[in-house]
Structures are given as C-alpha cells and as structure tokens.
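[1] task: produce atomic coordinates for the following.
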Amino acid sequence: MTTTLEDTTLVLTRTFAATPEDVFDAWMEREAWQSWIGPEGVSCEVPVMEPRVGGRYRIEMRMSDGRIVPVGGVFRAIERPAGFVFNWGWEGDVGRESLITITLKPVAGGTELTLRQEGLLTPDNRDDHGRGWGSALNKLERYLAG
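    Numbering: from 1, shown residues only. You can find the predicted model right below:
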C-alpha cells in the first residue's frame with residue numbers, strides 16, 4: 001500500500017460565533033491559548049509563547065495518567081486576523097514534526113476556522129490528531145463563548 005500526501009494531511013473546518021480577531025487572539029495570547037489548548041481531559045501549560053514570525057512556543061500537555069508531553073515549534077507566518085502558520089512537534093522527535101496552517105474567514109454569524117496539518121506520518125496518525133484537534137476546538141468554542 002502506498003501512502004499519499006492526501007492520506008496524511010488533516011483538514012478540519014469549524015465555525016465559531018466570534019470575530020476573526022477574537023479567534024486569532026485566542027491562539028496568540030499565552031493565557032488564552034493555555035486555557036483551551038489540548039484535548040478535553042488534558043490540561044496544558046504554555047511556558048513559552050513568542051507570537052511573531054520566527055518566535056517559539058512550548059506547550060506541556062499534562063495527560064490524565066500523569067505523563068507530561070512537551071510540544072513545541074516556531075511560528076512561520078502570522079497575519080492578524082486572517083491566520084498563521086507554525087510547525088508542531090514532540091520535543092526530541094524531529095520525525096514527528098508537522099506544519100499547521102490556520103485560516104480564519106469572516107462568515108455570517110462569526111468566523112470559519114480551517115486547520116490544515118501536513119506532514120503526519122500515517123493515516124492513523126492523521127486520525128489521532130484529528131480527534132485531538134476536534135476535542136481542543138470544542139474547548140476553544142467554550143472559551144470564546146465566555
């Protein structure tokens with residue numbers, strides 16, 4: 001079996017009842033991001049957040065079993081409020097690094113967010129990330145609702 005780029009690229013689209021600026025800021029402000037990032041049931045700390053092109057971020061995901069999973073990367077592009085691009089990877093494992101593009105588009109009643117994650121290793125890895133991001137976006141929706 002051959003795996004193609006399409007097989008390992010995750011694309012999620014969600015509409016939020018918030019302005020593009022508010023959705024953008026929920027990703028780019030450390031305290032805001034820390035309050036919702038990570039799947040439901042996982043708490044996260046964001047000890048490093050440098051929201052500029054070339055700036056780094058670091059997330060410490062505290063799993064329910066007590067493990068801490070460090071994730072980090074670099075912001076590659078930022079255009080408020082249209083979106084941003086950053087790499088996403090498990091610290092110490094460059095083979096698991098991917099590229100995430102967030103696009104924010106104003107729509108009637110709010111903002112359409114499209115998350116595109118490229119460079120995942122397998123279709124199963126794509127699906128695992130899809131479940132994680134879907135759960136995190138549920139938390140983002142609650143955060144934006146106030």
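
[2] going forward, measure contacts and count neighbours with C-alpha atoms only.
    Noted.

[3] now do the same for the top helix by length along the chain: mean pLDDT, whole number.
    Ranked by number of residues, the top helix in the chain under DSSP state H is helix 123-145. Helix 123-145 carries an average pLDDT of 96.

[4] by contact count, what packs against that helix?
    Here helix 123-145 touches strand 10-16, helix 20-28, helix 30-36, going by 3 or more CA pairs under 8 Å, 6 or more residues apart in numbering; DSSP states H and E.

[5] counting contacts, what elements does the longest strand seen in the chain pack onto?
    What stands out as the longest strand in the chain, according to DSSP state E, is strand 68-79. Judged by 3+ CA pairs under 8 Å, 6+ apart, strand 68-79 is in contact with strand 56-62, strand 83-90.

[6] return the set of buried residues in that strand.
    70, 71, 72, 73, 74, 75, 76, 78 (16 or more other CA atoms under 10 Å).

[7] pick out the most distant pair among those.
    In terms of CA to CA, the buried residues of strand 68-79 reach their longest pairwise distance at 70 and 78, which sit 22.8 Å apart.

[8] partners of the longest strand of the chain, with directions?
    The strands that strand 68-79 pairs with in its sheet are strand 56-62 (antiparallel), strand 83-90 (antiparallel) (by DSSP bridges).

[9] strands paired with the helix or strand just after the longest one, and their directions?
    Read that as strand 83-90. Per DSSP states H and E, the first helix or strand lying C-terminal to strand 83-90 is strand 98-107. In the sheet containing strand 98-107, its partner strands are strand 83-90 (antiparallel), strand 110-118 (antiparallel), by DSSP bridges.

[10] chain center to the longest one: distance?
    A distance of 9 Å separates the C-alpha centroid of strand 110-118 from that of its chain, computed with CA atoms, centre = their mean, to the nearest Å.
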